[in-house]
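>>> build the 3D model from these lines:
(3 chains)
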Amino acid sequence: MKILVPVKRVPDPATTIRVLPDGSGIATDNVKWVINPFDEIAIEEALRIKEKQGSGEVVLISVGQTAWQEQLRTGLAMGADRAILVKADTPLDTLAIARAIAKVASDEKPELIIIGKQAIDDDSNQIGQMLAEMLGWPQATFASKVELAGEKCTVVREVDGGLETVAFPMPAVITTDLRLNEPRYASLPGIMKARKKPLNEIAVDSLGVDLAPKLKIKTLNAPEKRQAGRKVASVEELVQVLHTEAKVI
Amino acid sequence: MGDVLVFAEHRGGHFPKTTLIAVNAGLEMARKRGGQCIAVLSGEGAPAAAAEIAKYGPSKVIVLDDPKLAHYLADAAAQALADLVKKTGAETVLATATAMGKDLMPRLAARLGAPMASEIIAINDDGTMVRPMYAGNALATIELDGPVRVVTVRGTAFDAAKPAGGAAPVETVTPELDAASLKMEFAGFNEIKSDRPQLTEARIVVSGGRGLKSGDNFKTVLEPLVDEMGAAMGASRAAVDAGFVPNDLQVGQTGKVVAPELYVAVGISGAIQHLAGMKDSKTIVAINKDEEAPIFGVADYGLVADLFKAVPEMVEEVKKLKH
Amino acid sequence: MNQEVTREILWNVPTVFVVFLYGMLLPLTAAFIWVGMRWYRMIRLGASTADNRFDQPGRRLFMAFRDGVGQGFLGRETWGWMHYIFLVAFVGLFIGTSIVFVNDDIRWFLAFFGIHLYFFYGDFYHVFKAVMDTCFLLLIVGVIAAGARRGLRKPTLLNQPAQAKLRDNWENRAGYWLPLTLLALVPLTGLMLEGARINADPPKFVEWAYIGRNIGLIDGALGAGVTFHRYLWLFHVLLVYGLLFCLPFTKLRHFLFAPINLYFRNLKPRGRLAPIKDFENAETFGVAQVEEYSWKQLLDMASCLECGRCTINCPTVNTGKTLNPKFLVISQREHLLDKAPALLAAKAASAAAGEASADSAAPAYAGPDMITEVATEAAVWGCTTCGWCEEGCPVGIEHIQRIVDMRRYLTLMESKFPQQATNAFKGIENQGNPWGLAQEKRADWAEGLEIPQMAEVENPEEMDVMYWVGCAGSYDERNQRVSRSFAGLMKQAGVKFGILGVEEMCTGDPARRLGNEYLYATVAGQNVETINKYKPKRIVTQCPHCFHNLKNEYPDFGLETVEVMHEAEFIDELISSGRLKPNKPIDQRMTYHDPCYMARHNRKWDGARSALKAIPGAKVKDIDLSKNRTFCCGAGGGCMWKEEKEGTRINQKRFDQIAEADPETMAVGCPFCMTMMEDAVKSRSLEDKMKVRDLSELVAESTGANVK
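This next block holds a predicted model:
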């Protein structure tokens, strides 16, 4: 079975994000880049399916700049077979990215696309669902358990107040939630082998899809600085500030 | 015109508070875009829920009627809503960013070829919207181009709609569905009965440390607060080591990593292995009798007090707040 | 001198017995050669050692002699005296036999060459008799003591691994009881023989044979005569040969292997791990098959005498965990013996097939898997690398590398390690610290202290000290206070020092001890580059693990020569040179908990003590398990980064040992000891009675250093 896993390069979650003073973006000078953690779970799930079935191919795809190769190589080190980098020198909006991936997917014809439920940079949570619609495939978002039987796929989804089970024939799109699995740590032979695995680059313009940006980020602002911690005098005051100031209860 | 379709989520005719939040956000959007707010429902029990929603201020309520929509499934719902967008000529489709809203709206956006803004927290007068990025470390002001736009709103950022007096008309529409293309099937729903949310998913986590002094005190002192706040219960490694609570409650480097909206650390000194497991929480509260405890270094609100006095008081205060 | 004062050698022994006596030397020699060759071929199955073990022959010989023949190790432990008795008596009897040999058997042979050696008479004979009797007596006393200890006292260190781990053969079944019994019967029959001779042959010159003489009287009373003596002689000789055959075939072989193993021992600092030299071309990393160990590691297995000293203060053995260093070595030795025939056959086959197919012959072996079944993963991951086992071992077995080699295989090849370690690895990889906290916050602890960062200093090489803060000192709130105290002390003493700030990264210690050598090599390389850039004169660390890595392991990664010091030594230096003056009294009972990586691995424990004693009012008292005998806090070897699920907790065990001394303050010199001991104090609910404080905090309080 062929499984396509879209992968995004994001800042390490531990990195402190600083908005640039002019609001044009975030400071990237000290940022360590990693695979989006949810995509890592997606890679792991794809690898587990392949290992369980004893055969198949796990193909990674990214839509981004040359530097994204680093994360694709990390995914290859985990065990993916090959990678495709759709090169786009300027950032694209979710709709354009989904169209680019959908185009590659229609050529690659995978039986499954597994993708993280959201990227931890823009927190959009859109690509998987968009891909499913563009390809006319069923979707299962927020998967916490995936079972395959023949052509059929059964997925347990984490929804509000419980677990929902949906079933559908493949091909399909699955988006991963946190509890689906624990991604593996690449072994050293995996890292060595990854250097030689194929990584193809395709220019995004050559795909012939509509890339016109429809979602524009006008400015980026730092949120109001989290108030420096302070001591409260009484329980009454504590509950009051939690209610009125922090608005968490 | 800037009409707004609000996807009104419900389960068997009962709708959660988040649906009223969507209605309210829809009303605000419609007001700012000079259009009407139309609530849309589908599925089993929709007519009953529609009659109820109608009282909360929308101009109109539409029930999408098709057997394929009995149970919510993303592919059918997206087709039905897209069809309705065409039929009504609405400008914005809006839902709360619940599991269902997040599942459906991007698919709808793709079907409509429309841009989508996820989890917005504000609607500006000029049509732009504000949404958090980078886990809330940046707030983006965004603009969506095109005749149709899709939006989900963050539940905590908007108030719920209030009864407006009177009721809007309820209309039933049969959407055009391409039945052959619908391949998804609903195979069951397993409601989590537990009164307490999962540690890693809870909106509020209340954790206890060595300061509680015994496993019994976790039950008699901490648990009432946990339950009163609808929180999940956690513990520090020291408390687990001391055998007060089982290891699956451990929050920290070697336990579970949590990032709730509110984290209350009770009698926890704040060793780094614990901090590593909760430092990303949005608001951190520390209750400890040791003024020097490192936990106060990361807490937004610190209370230096004897927890055996403070915690029961807090239960009472939270209770008051609810009534 | 009276040549009459002597005895006839081989008196009353028929020729056929004499022929037997000398004839048996042949099979004995053959047995020694056969066993020697067998072990030699097995040990040669091993890979080459990472370090040269043939260098410094003089030093090696001296140390092998000192610790092998001189028993340098044993004197440190209880019951060492018993082994001393064995050795003294055994060597005494061996010399005695040699004297007889020289004076009788080869006397005529030597005379042929004009060498006249005969001195077995007169006063010498008297003394000889007395010494021999004493040796017999000592040996009997030693055996009784050994037997009582083994049979009645049953100390846990003599426990054996589960029967399933031992091959079912006569050696294992006989255990130590066969050699021990023979060791008792040989001197007993020796004495009886002497008595029988004195009784049967009219007593001449036996005044000094103070035991034999009296046995002779008993024999006389019982009516024993010449025949009794003759057959007793034969019985005695049989027993002696029995004992001699035990030397190569039973656990007594340590008598031969121990000095050899001590000769080839690790001369590098204890706890230093050998680097993997070539990541690019090697096909496997670490050790999964017994033959992948180095020949020295196989020699270790052959040399183990199963005394159990490695277990006495082993943190895992003492808290009921799977890992038992003695069981590990024994199980692996049994596994080697089990697998060796297949390995040797494969080696012979590939040698026969010639160079071309040298690596084609895989051994046909269907026995257990070494890591998962022989050693078990629980044991492999249990080790805290505290080094007690190597401290205790009298024959120079290197346990830590043996365990880390298996971890390397599991981590690098199979990516199989305790799940929580993933966070530590990724944290080190992405943010340069095992907690995964933001790298850019590394110097936040120093905010407002005006500590220069090396990158901002104009002439960094002119700094007296590069202060290596470490991850705990940089990020852990509790240990940040220690960093501020230590920095305050250096400021007060007028030391010109700087920190690397955000340029500093984890030394990689947790990754290395957990087998992730690849990650370690990466961060070590980066750190070395950073440090070399600034050419520091001296690096002072707060963390013993950082100290050990910088001092003993980074040179393998290209660190240029630099003096590395731990805070304890440096503070002591500042006090003794008068630059720090502790004058505010701290009237408290204190005990210093030695960090393993300072005391045991690097033999440094005086600095901390003299610094503490310089504080007026401080009453510093050591417990038995301190200095090089310190007991692990449970955090080392990467164990800080994984759950401790088995048995009881190591930190509590250690805490209880210290609490015995009833100190008001437990002084520590390691951030991880700090964390573990503070946790232990809390879990024993003694927060109000005992404080855990770092050495530098205590000294800073006394000197009044400005600590923000």
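
>>> pLDDT of stretch B:298-315, averaged?
Mean pLDDT, stretch B:298-315: 93.

>>> so how far is B:Asp75 from A:Val166?
Applying Cβ to Cβ, to the nearest Å, the value for A:Val166 to B:Asp75 is 10 Å. Every residue, glycine included, has its C-beta placed from N, CA and C.

>>> so what sits against both of these two?
A:138, B:184 (Cβ atoms under 8 Å, 6 or more residues apart in numbering or on different chains).

>>> dump the residue contacts of the residue of chain C found nearest chain B.
For chain C and chain B, the shortest gap (Cβ to the nearest Cβ) falls at C:Glu477, measuring 3.2 Å. Applying Cβ under 8 Å, 6+ apart, we find C:Glu477 in contact with B:270-272, B:275, B:294, B:297.

>>> helix or strand for B:Ala49, which one?
Assessed by DSSP states H and E, B:Ala49 sits inside helix B:46-53.

>>> helix, strand, or coil at the residue lying closest to C:Phe327 once chain neighbours are set aside?
Closest residue to C:Phe327 apart from its sequence neighbours, by Cβ to Cβ, 6 or more residues apart in numbering or on different chains: C:Pro161 at 3.9 Å. Following DSSP: H, G, I helix; E, B strand; the rest coil, we place C:Pro161 in the coil state.

>>> how much space separates C:Pro161 from chain A?
Distance, C:Pro161 to chain A, by Cβ to the nearest Cβ, to the nearest Å: 30 Å.

>>> dump stretch C:125-134 to PDB, restricted to CA.
Extracted C-alpha coordinates of stretch C:125-134, given in PDB (Å, rounded to 0.1, in the frame of the first residue of the first chain):
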ATOM      1  CA  TYR C 125      64.900 -27.600  58.800                       C
ATOM      2  CA  HIS C 126      63.600 -26.700  62.300                       C
ATOM      3  CA  VAL C 127      62.100 -23.400  61.000                       C
ATOM      4  CA  PHE C 128      60.800 -25.100  57.900                       C
ATOM      5  CA  LYS C 129      58.900 -27.600  60.000                       C
ATOM      6  CA  ALA C 130      57.400 -24.800  62.100                       C
ATOM      7  CA  VAL C 131      56.400 -22.700  59.100                       C
ATOM      8  CA  MET C 132      54.900 -25.600  57.300                       C
ATOM      9  CA  ASP C 133      52.800 -26.600  60.300                       C
ATOM     10  CA  THR C 134      51.700 -23.000  60.600                       C
END
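
>>> buried ones in that stretch?
For stretch C:125-134, a neighbour-count test (16 or more other Cβ atoms under 10 Å in any protein chain shown) marks C:125-126, C:128-129, C:132-133 as buried.

>>> what is the nearest of the residues you listed to A:Ile49?
C:Met132 (79.3 Å; Cβ to Cβ).

>>> what are the phi and psi values for that closest one?
Here is the backbone geometry of C:Met132 (degrees, to the nearest 10): phi -60, psi -50.

>>> chain neighbours aside, what residue packs nearest to the residue in the stretch 51-200 of chain B that chain C sits nearest to?
Here the stretch 51-200 of chain B gets closest to chain C at one residue, B:Asn137, 11.8 Å apart by Cβ to the nearest Cβ. Distances taken as Cβ to Cβ, 6+ apart put A:Ile17 closest to B:Asn137, at 3.8 Å, once the chain neighbours are dropped.

>>> which SS class is that neighbour?
Put simply, A:Ile17 is coil when judged by three-state DSSP.

>>> I'd assumed B:Ala140 was in contact with it.
No - A:Ile17 is beyond contact range of B:Ala140, at 12.0 Å (criterion: Cβ atoms under 8 Å).

>>> the more surrounded of these two?
The residue with more neighbours, out of A:Ile17 and B:Ala140, is B:Ala140; 24 against 20, by other Cβ atoms under 10 Å in any protein chain shown.

>>> return the distance of that one relative to A:Thr219.
Applying Cβ to Cβ to B:Ala140 and A:Thr219 gives a distance of 7 Å.

>>> next: B:Glu91.
Separation of B:Glu91 from A:Thr219 (Cβ to Cβ) stands at 23 Å.

>>> same question for C:Pro187.
Note on C:Pro187: its distance to A:Thr219, by Cβ to Cβ, is 96 Å.

>>> between those two, which has more neighbouring residues?
Neighbours per residue (other Cβ under 10 Å) separate C:Pro187 from A:Thr219, with C:Pro187 holding more: 25 against 16.

>>> quick one: the more buried one and C:Val141 touch, right?
No - contact criterion Cβ under 8 Å: C:Pro187 and C:Val141 do not qualify, at 9.6 Å.

>>> okay, now the unreliable bits of the chain?
No chain in the question, so chain A it is. Chain A contains residues with pLDDT under 70 at A:225-228.

>>> I was thinking of chain B, sorry if that wasn't clear
Applying pLDDT under 70 to chain B flags residues B:1, B:192-195, B:201, B:253-255, B:323.

>>> ok, now which ones touch the residue nearest in space to the middle of it?
Centroid-nearest residue in chain B, with Cα atoms, centre = their mean: B:Gly155, separated by 5.1 Å. Contacts for B:Gly155 (Cβ under 8 Å, 6+ apart) come out as B:17-18, B:21, B:96-98.

>>> and those residues, which is closest to B:Met184?
Nearest member of the contacts of B:Gly155 to B:Met184, counting by Cβ to Cβ, is B:Thr98, at 18.5 Å.

>>> now do that closest one against C:Thr319, distance only.
B:Thr98 is 49 Å from C:Thr319, by Cβ to Cβ.
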